[in-house]
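Trainee: Here is my input, please return the structure:
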Amino acid sequence: MSDFRKNLGTDYPVQYPGVPSEQMQFPPSPENPFQVFPEEIWRMIVNTLEDSRDALSLLRANQLLNDAMVDVRDKLQFPLVMKLVASMLTENEFNNLRLVCKMWKKGIDEVYEKSPHGIRFKASEATYQAKVNPGVVLKTNNHVLQFHQNASMHQGNPFVGRRLTVDLQETEGYHFWRNLNNLLDEFGNYVWFLKYMCHDTTLFRNCVMRTPNVRAIYLDYSPDCEDFSWGVQEYLEENPLPRFPYLTILHANNFDRDVAGETICMQHAAQLNYVVLENPWIALDKSASFLINLDLLGGNCSITGLHIIAQTAPPLKTLKINVTGLEDNYVAVDKVFECLKCFTRSLLNLRLSGNFSDDYDDMLGYQLGLSNLTKMKISFYKGPVDPFISCKKLVHFSLEESGPIEKWNKSSMAYFTIDKKGDLVTNIWSLMPTLRKLRIPIKPYCNIRVYVGNH
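Mentor: Predicted coordinates:
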């Protein structure tokens with residue numbers, strides 16, 4: 001074996017049975033990375049990294065590599081700079097920067113591509129808003145024709161942030177879909193984020209068939225639309241939806257369960273990591289059990305369904321869920337918290353709401369113990385804050401549409417009150433030292449929002 005390695009011209013050791021890997025001695029890495037690969041190969045490696053930050057970290061690992069690829073480094077830094085620029089501009093001002101040149105257009109589109117859940121824009125002189133840009137919104141046949149004509153006059157991606165929203169107006173019909181299909185036949189491969197706001201499954205299939213590179217699908221239609229679920233299953237069996245190799249995000253709101261809950265989830269179970277199913281007819285617990293790479297799960301479920309999710313879902317980082325009792329009865333909040341303890345190590349972000357019962361005495365001294373949780377927003381909770389004090393890494397904490405917390409001052413570990421000057425007086429900062437943002441109802445009809453530095 002040693003002769004074989006010698007013939008190969010390498011000194012790397014072979015792993016022999018019974019020899020621990022930590023005892024193996026490897027030669028030190030060469031200071032010159034071009035002794036390992038030529039510059040062309042390093043450029044190919046950098047280009048394969050999807051995240052600009054990963055590519056920049058690779059370049060910074062070696063001075064020679066960093067100096068040799070100044071041109072690549074500048075292009076990688078540009079979208080990161082643009083993301084900072086977005087925080088100082090309104091949405092329209094930021095989008096207008098796409099008109100400067102091709103490099104700016106590409107950089108701004110990459111900012112949208114890397115921020116599927118929203119970009120922080122400047123809303124006014126003093127406030128900011130996180131917003132998902134709808135991209136190109138097509139509502140009428142004239143919109144489609146005009147956009148197609150403008151897109152044909154320029155090369156490359158015509159969609160802002162590679163986003164397309166199809167919002168069909170009631171007065172439009174056959175001509176709209178025919179011209180939309182023609183548009184997507186030519187430019188559909190540029191669409192990464194598709195929002196579909198129509199209640200026709202057949203037309204939805206025709207639309208997504210022409211967007212093969214889609215990363216995220218948002219399905220939404222008005223609940224006032226007439227029921228169209230009859231015959232959908234039969235239609236999809238005869239005309240199956242395509243499989244999207246890059247799809248990782250599915251957000252369905254009031255869309256047909258056969259399309260959102262069963263078909264798309266089942267076809268992409270191994271690759272979806274963000275799933276929100278807000279249709280009340282979708283069995284969220286059944287969907288969660290086979291989504292093996294899930295990071296975020298959102299939707300509606302019963303307390304029984306939440307128990308199943310806790311037992312079968314992968315380690316979730318984000319949970320956005322509305323819990324209901326059986327047959328619309330109230331649900332005990334302690335049973336909900338017990339289910340959440342299954343995600344003690346993985347959960348970072350929690351948004352919880354439900355029709356909770358009014359019995360909160362058991363919450364005094366209760367420890368939720370989600371040790372890695374950093375953000376929490378709970379709605380319709382009327383108990384003390386005791387369960388959340390055990391979340392030692394909590395940074396953002398919010399109680400929305402909840403009962404006044406002041407009534408628990410005498411029995412709870414934490415107290416909240418408003419002094420004569422209107423300032424918040426509380427010991428929550430010492431009980432939760434990592435807390436930086438707090439929104440909590442102190443008195444009836446009085447929500448207090450406090451940021452670090454204001455206490």
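
Trainee: packing partners for the helix ranked longest in the chain?
Mentor: Determined from DSSP state H, the single longest helix within the chain is helix 70-86. In terms of contact count using 3 or more Cβ pairs under 8 Å, 6 or more residues apart in numbering; DSSP states H and E, helix 70-86 is assigned the packing partners helix 39-48, helix 52-60, helix 102-113, strand 119-122. Where you see a C-beta, it was placed from the backbone N, CA and C, and this is true even at glycine.

Trainee: and of those, who's closest to F193?
Mentor: Closest approach to F193 among the helices and strands packed on helix 70-86 is made by helix 102-113 (7.9 Å; Cβ to Cβ).

Trainee: what's stretch 425-434 in contact with?
Mentor: Residues outside stretch 425-434 that contact it (Cβ atoms under 8 Å, 6 or more residues apart in numbering): 385, 388-389, 391-395, 397, 413-419, 435, 438, 455.

Trainee: what do you get if the cut-off is 10 Å, keeping everything else the same?
Mentor: Residues from elsewhere that reach stretch 425-434 (Cβ atoms under 10 Å, 6 or more residues apart in numbering): 374, 385-386, 388-395, 397, 405, 409, 413-419, 435-436, 438, 440, 442, 448, 450, 452, 455.

Trainee: Where does pLDDT dip in the stretch 301-450 of the chain?
Mentor: Flagging of the stretch 301-450 of the chain using pLDDT under 70 yields the residue ranges 325-328, 443-450.

Trainee: just so I have it, where are all the helices in it?
Mentor: With DSSP state H, counting those that start in this stretch as the definition, the stretch 301-450 of the chain shows helices at residue ranges 303-312, 333-340, 386-389, 428-431.

Trainee: could I get the ones you listed as JSON lines with distance to Y360 and mean neighbour count?
Mentor: Output for these, formatted as JSON lines (distance: least, Cβ to Cβ, whole Å; neighbours: other Cβ atoms under 10 Å):
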{"stretch": "helix 303-312", "distance to Y360": "16", "mean neighbour count": "18"}
{"stretch": "helix 333-340", "distance to Y360": "7", "mean neighbour count": "19"}
{"stretch": "helix 386-389", "distance to Y360": "10", "mean neighbour count": "22"}
{"stretch": "helix 428-431", "distance to Y360": "18", "mean neighbour count": "16"}
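
Trainee: With distance to G135 as added columns, please give the ones you listed in JSON lines.
Mentor: Formatted as JSON lines, the entries for the helices of the stretch 301-450 of the chain read as follows, by distance: least, Cβ to Cβ, whole Å:
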{"stretch": "helix 303-312", "distance to G135": "32"}
{"stretch": "helix 333-340", "distance to G135": "35"}
{"stretch": "helix 386-389", "distance to G135": "38"}
{"stretch": "helix 428-431", "distance to G135": "41"}
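
Trainee: Quick one: closest of those helices to I292.
Mentor: helix 303-312 (10.2 Å).

Trainee: got the angle between that closest one and helix 333-340?
Mentor: Computed by axes from the mean of the first three to the mean of the last three Cα atoms, to 10 degrees, the angle separating helix 303-312 from helix 333-340 equals 20 degrees.

Trainee: Mind giving me the packing neighbours of helix 303-312?
Mentor: Using 3 or more Cβ pairs under 10 Å, 6 or more residues apart in numbering; DSSP states H and E as the contact criterion, the secondary-structure elements in contact with helix 303-312 are helix 284-288, strand 296-302, strand 318-324, helix 333-340, strand 349-354.

Trainee: give me that answer again for 7 Å
Mentor: Counting contacts by 3 or more Cβ pairs under 7 Å, 6 or more residues apart in numbering; DSSP states H and E, helix 303-312 is packed against helix 284-288, strand 318-324, helix 333-340.

Trainee: now it against strand 318-324, angle please.
Mentor: Between the direction of helix 303-312 and that of strand 318-324, the angle (the same axes, to 10 degrees) works out to 150 degrees.

Trainee: Just the pLDDT at V276, thanks.
Mentor: At V276, the pLDDT value in this model is 84.

Trainee: Please name the residues that touch V333.
Mentor: Neighbour list for V333: F356, Y360, M363, Y381, G383 [criterion: Cβ atoms under 7 Å, 6 or more residues apart in numbering].

Trainee: H307 now?
Mentor: For H307, the residues meeting the contact criterion (Cβ under 7 Å, 6+ apart) are C339.

Trainee: Also the one 3 residues further on?
Mentor: If a contact means Cβ under 7 Å, 6+ apart, then A310 has C339, C342 as its contacts.

Trainee: Could you list the domains of this structure?
Mentor: The chain resolves into domains spanning 28-130, 134-282, 360-455 when parsed by automatic domain parsing.

Trainee: In TSV, list these along with distance to C339.
Mentor: Rendered in TSV, the data for the domains of the chain read as follows (distance: least, Cβ to Cβ, whole Å):
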stretch	distance to C339
domain 28-130	25
domain 134-282	18
domain 360-455	11
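
Trainee: how close does E338 sit to G173?
Mentor: Look at E338 and G173: by Cβ to Cβ, to the nearest Å, they are 52 Å apart.

Trainee: for T90, same thing?
Mentor: 35 Å.

Trainee: what does I108 give?
Mentor: Using Cβ to Cβ, we find I108 at a distance of 35 Å from G173.

Trainee: Kindly report the same for V331.
Mentor: With distances defined as Cβ to Cβ, the gap from V331 to G173 amounts to 45 Å.

Trainee: Pick out whichever of these two has more residues nearby.
Mentor: Neighbour comparison, V331 and G173: the larger count goes to V331, with 19 against 11 (by other Cβ atoms under 10 Å).

Trainee: Quick one: residues contacting the more buried one.
Mentor: Counting by Cβ under 7 Å, 6+ apart, the residues that V331 touches are I303, V323, T324, G325, G354, N355, F356, S357.

Trainee: Which one of those is nearest to Q35?
Mentor: For the contacts of V331, the minimum distance to Q35 (Cβ to Cβ) is 58.9 Å, reached by V323.

Trainee: Quick one: neighbours of the closest residue to the closest one other than its chain neighbours, just the number.
Mentor: What sits nearest to V323 in space, not counting adjacent residues and going by Cβ to Cβ, 6 or more residues apart in numbering, is G354, at 3.7 Å. Residues lying near G354 (other Cβ under 10 Å) number 23.

Trainee: Report the separation between G354 and W177.
Mentor: Per Cβ to Cβ, G354 is found 40 Å from W177.

Trainee: Equivalent analysis for S152, please.
Mentor: Taking Cβ to Cβ as the criterion, S152 is separated from W177 by 19 Å.

Trainee: Which one of those two is surrounded by more residues?
Mentor: W177 (20 against 12).
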